[in-house]
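K.L.:
Here's my sequence, what's the structure:
(2 chains)
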Protein chains: 2
Amino acid sequence: MKDGVLINGAPAEFGWLQERAWQFGDGLFETIAVIDANPCLWSLHTERLVLGCRRLHLPLPDIGLLLAELRTLCAGRARAVAKLYWTAGRSSRGYARPVPVAPCRVVHVSDWPQCELTAWRVRLCAHRLSEQPTLAQIKHLNRLDQVIARAEWDDMAIDEGLMLGQGGGVVCGTKSNLFLQSHGDLSTPELARAGVAGVVRRLVMELGDGTGLPVRETQVSVEDLRKADAAYLTNSLIGVVRIAHCDSIDYDLAYGEHRLMTEARRLCHLPDLNDGPYE
Amino acid sequence: MKDGVLINGAPAEFGWLQERAWQFGDGLFETIAVIDANPCLWSLHTERLVLGCRRLHLPLPDIGLLLAELRTLCAGRARAVAKLYWTAGRSSRGYARPVPVAPCRVVHVSDWPQCELTAWRVRLCAHRLSEQPTLAQIKHLNRLDQVIARAEWDDMAIDEGLMLGQGGGVVCGTKSNLFLQSHGDLSTPELARAGVAGVVRRLVMELGDGTGLPVRETQVSVEDLRKADAAYLTNSLIGVVRIAHCDSIDYDLAYGEHRLMTEARRLCHLPDLNDGPYE
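P.N.:
Just a heads-up that it's a prediction; the model follows:
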């Protein structure tokens, strides 16, 4: 017999309920800053998307097609946010993917968000990240950890929550990566077992490698957070912001900013860079 | 400006892309055997759904309404499968849920599947389950672990894959729970850090408690699997099936079946039980 569906009590077609992104979170996404119809840090976004495809055993997307569609939707917008989805497409019930997979490609463009870019007020979340090396670093659609952590606060004065791993080390924010500056050196939590490897994070690390000021990827404790001279959060929309305080830890915002972070802030919203070393 | 969307190149409305189940897997589901429009083990399914709501901080569903909708869709079907979804509804981009959350309630009914219920041929999966106490036991929509594990084989002769946790212990199948019989006693892997607490698993354990034959919840090693006299898989559609072999481990199917498993097999597809102790 034909499948029957009620959505909030109303008869509906099976249609998009077959999407494996809906059924299982079986896919990937990227959130991209777009300026004058040019995506910022495009090559870093697409390289992470390709890494995600390898990890999830998904076919690779046509990057040129994604770029063309993004540019079409962003035409006439000075600044916009593009969210790309690349998923395992549709199937009936059951974890087995169809053979072959027919991926679903979505480009969604929306207005640039109102976003506070002065120093952020941060809290430590009680919910800890799942431990899963296969899903670490990539930007997949299983994001309950971030949802649960973000639901811990409704104080509008809090801009972000930092998350610990199962072992109690600091890993990243719900939507950002963390950098600590101590005695002139930069470090960032290693992401072998949890966390997303952000594109701005990678930009900072490549800048460091290129200028002989390598950023240390390391295990970071709450005590390291407390002892740092300065702390930063990064993501593709905010770029680089300093942390003003994290719970009871106050950072001295007059402390001189590390030059790699200043340079990364400048570069991550420059779309013309996409024709340079990061395309 | 209005959001722009292309799905596989075709202009589309934002619509269901706002669903948080699609964006983040922010929700829960249940897969239920339905006989003559009566759901089997209904109270166990709904209790797990409520546990999931508590863990994810979602509002509780109206269980009577879900049951009425399920019965409406199953009218005229001797046997059917109902998949219920209870999600965090819609929002724009970003992990923060809207206040208040307006959940999305979906009832999807399809034909009873062709399912091999003689002894199953099983393999050990290489992909290990994520470790996350908050998400253990409940049936949430972040199911990449199961998708990745299920994609490891395409041999139609393999019915199921058993999955290990991050620590190397056996936890459960991709879509089933495991029971081992050794020297007349039953045990099942504990699910404190990973795995789904299946409704038939709970039925077996409650039967055990009720008959003075308690089932031991314990850490299970691959060696325990090898040494067991008999092994069983359970879920709401297959009920109880014996394992014929797991990779190189062969089980003697002539070995006498534990009476709890026989009794559970009988009960889990009896809808009239829903008016008994398990409603």
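K.L.:
Which secondary structure state does A:Ile148 sit in?
P.N.:
Under DSSP: H, G, I helix; E, B strand; the rest coil, the three-state class of A:Ile148 is helix.
K.L.:
Just list the residues touching it, thanks.
P.N.:
With contacts defined as C-beta atoms under 8 Å, 6 or more residues apart in numbering or on different chains, A:Ile148 is in contact with A:127, B:56-57, B:134. For the C-beta atoms, the positions are set from N, CA and C on the backbone; glycine is no exception.
K.L.:
For the most centrally placed residue in chain A, give me phi and psi.
P.N.:
In chain A, the centroid-proximal residue (C-alpha atoms, centre = their mean) is A:Gly198; its distance is 5.2 Å. Backbone geometry at A:Gly198, expressed as degrees, to the nearest 10, gives phi -70, psi 160.
K.L.:
Now it. Nearest residue, chain neighbours left out?
P.N.:
Among residues not flanking A:Gly198 along the chain, A:Asn177 sits closest, at 4.3 Å (C-beta to C-beta, 6 or more residues apart in numbering or on different chains).
K.L.:
Which ChimeraX command selects the buried ones in the contacts of A:Ile148?
P.N.:
One line in ChimeraX is enough to select the buried ones among the contacts of A:Ile148; burial here means 16 or more other C-beta atoms under 10 Å in any protein chain shown:
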select /A:127 /B:56,134
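K.L.:
hey, what's A:Val240 bridged with?
P.N.:
Following DSSP bridges, A:Val240 is listed with bridge partners A:Thr234.
K.L.:
Would you agree it is in contact with A:Leu207?
P.N.:
No - contact criterion C-beta atoms under 8 Å: A:Val240 and A:Leu207 do not qualify, at 11.2 Å.
K.L.:
which of those two has more neighbours?
P.N.:
Set A:Val240 next to A:Leu207 and count neighbours by other C-beta atoms under 10 Å in any protein chain shown: A:Val240 wins out with 27 against 17.
K.L.:
re earlier: so which of the contacts of A:Ile148 sit within helices?
P.N.:
Among these, the residues falling in helices (DSSP state H) are B:Leu56.
K.L.:
Mind putting the contacts of A:Ile148 into CSV with pLDDT and distance to B:Val170?
P.N.:
Conversion of the contacts of A:Ile148 to CSV gives the following (pLDDT from 0 to 100; distance: C-beta to C-beta, whole Å):
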residue, pLDDT, distance to B:Val170
A:His127, 98, 27
B:Leu56, 98, 26
B:His57, 97, 31
B:Thr134, 98, 22
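K.L.:
Can you tell me which of the contacts of A:Ile148 comes closest to A:Leu17?
P.N.:
Closest approach to A:Leu17 among the contacts of A:Ile148 (C-beta to C-beta): B:Leu56, at 19.9 Å.
K.L.:
quick one: the closest one and B:Leu135, what's the gap?
P.N.:
Distance, B:Leu56 to B:Leu135, using C-beta to C-beta, to the nearest Å: 9 Å.
K.L.:
which neighbours do these two share?
P.N.:
A:Leu144.
K.L.:
Does the one helix or strand A:Ala68 maps to reach chain B?
P.N.:
Using DSSP states H and E, A:Ala68 sits within helix A:63-74. Yes - judged by C-beta under 8 Å from any C-beta of the partner chain, helix A:63-74 comes into contact with chain B at A:65, A:69, A:72-74.
K.L.:
centre of the chain versus that helix, how much separation?
P.N.:
Centroid displacement of helix A:63-74 relative to its chain, using C-alpha atoms, centre = their mean, to the nearest Å, is 20 Å.
K.L.:
could you check the angle helix A:63-74 makes with the very next helix or strand once past it?
P.N.:
Once the chain leaves helix A:63-74, the next helix or strand it forms, by DSSP H and E, is strand A:79-87. Computed by axes from the mean of the first three to the mean of the last three C-alpha atoms, to 10 degrees, the angle separating strand A:79-87 from helix A:63-74 equals 140 degrees.
K.L.:
Okay, domains of chain A per the record?
P.N.:
A:6-111, A:120-274 (automatic domain parsing).
K.L.:
Distance to B:Ala192 for those domains - can I get that in JSON lines?
P.N.:
As requested, the domains of chain A are exported to JSON lines (distance: least, C-beta to C-beta, whole Å):
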{"stretch": "domain A:6-111", "distance to B:Ala192": "23"}
{"stretch": "domain A:120-274", "distance to B:Ala192": "12"}
